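Asker: coordinates only, no sequence provided:
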């Protein structure tokens, strides 16, 4: 248990489905992040939340919608995804945004 | 924005030899440089980090060096062991416009330690 829990671990969804990814951190951190990890690509930052406020949105398509109800929980709502969105989605948290990140185990998403 | 280049993309070494992975960054304002290790099917884990006011940091068999003038930093692993086999990512942290910081990652280096 690293303190950052992601569910589900695996998800297969059709292009017309709506699903949500969940991340919960038990470390008392105040910043949370969504990263996308694809084969042969670097970790791509999607969203940053600092004290529950979204501070970064790296030109992510609107079919990805984040939600951060409190400093411990982070969601990524998915709808009408494309096959190229298939990837490992990693959540991370940190104490402040200038420090080491603790990553969750990720959700392996497959869009069919 | 920040650009982080990492080399090599793959690295094979004999057990007991040393391994060196190098990264360069583009933004001179970057001030925090962590290294992550990701084993197959597992999450990235922080193994060592260095801040811009320090030139070198060591933790047992792992060391990181930083050259701010040249804007590059390196990971050194000595006396490599098979369990060091993994993908290693470097990252650089810069301050964003909203006052927070964000990490930009390199593309990763797949290290294989041959017994």
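Answerer: Looks like it arrived, so ask away. Just so it is clear, the structure is predicted and the values come from calculations on it, not from any experiment. Residues are numbered from 1 along each chain as shown, chains lettered A, B, ... in the order given.
Asker: the host helix or strand of residue A:92 and chain B in contact?
Answerer: Of the helices and strands defined by DSSP states H and E, residue A:92 is found in strand A:87-94. Yes. Counting by Cβ under 8 Å from any Cβ of the partner chain, chain B is contacted by strand A:87-94 at residue A:90. Bear in mind the C-beta positions are built from the backbone N, C-alpha and C, glycine included.
Asker: following that strand, which helix or strand shows up next?
Answerer: On the C-terminal side of strand A:87-94, the closest following helix or strand by DSSP H and E is strand A:102-103.
Asker: contacts for that next one, please.
Answerer: Contacts to strand A:102-103, defined as Cβ atoms under 8 Å, 6 or more residues apart in numbering or on different chains, come from residues A:2-4, A:25, A:27, A:29, A:35, A:90-94, B:36, B:43-46.
Asker: pull the helix or strand with minimum mean pLDDT from the chain.
Answerer: As the question left the chain open, I've gone with chain A. Across the helices and strands of chain A, mean pLDDT, DSSP states H and E gives its lowest value to strand A:53-57, namely a mean of 70.
Asker: meant chain B, my bad for not saying
Answerer: strand B:101-105 (a mean of 84).
Asker: any idea how far that one is from the chain center?
Answerer: What separates the centre of strand B:101-105 from the centre of its chain is 13 Å, taken as Cα atoms, centre = their mean, to the nearest Å.
Asker: show me what it is in contact with.
Answerer: By Cβ under 8 Å, 6+ apart, strand B:101-105 touches A:33, A:42-43, A:45, A:48, A:56, A:96-98, A:101, B:1-4, B:25, B:32, B:34, B:36, B:89-96.
Asker: in helices only, show me those residues.
Answerer: Assigned to helices by DSSP state H, none of the contacts of strand B:101-105 qualify.
Asker: any of the residues you listed buried? List them.
Answerer: Buried by 16 or more other Cβ atoms under 10 Å in any protein chain shown: A:33, A:42-43, A:45, A:48, A:56, A:97-98, A:101, B:2, B:4, B:25, B:32, B:34, B:36, B:89-94, B:96, out of the contacts of strand B:101-105.
Asker: in strands, which of these fall?
Answerer: Those of the buried ones among the contacts of strand B:101-105 mapping onto strands are A:33, A:45, A:48, A:56, B:4, B:25, B:32, B:34, B:36, B:89-94, per DSSP state E.
Asker: among the residues you listed, which one lies nearest to residue A:62?
Answerer: Nearest to residue A:62 out of those is residue A:56 (Cβ to Cβ; 15.6 Å).
Asker: list the buried residues for stretch A:10-20?
Answerer: By neighbour count on 16+ other Cβ under 10 Å, the buried set for stretch A:10-20 is A:11, A:13, A:19.
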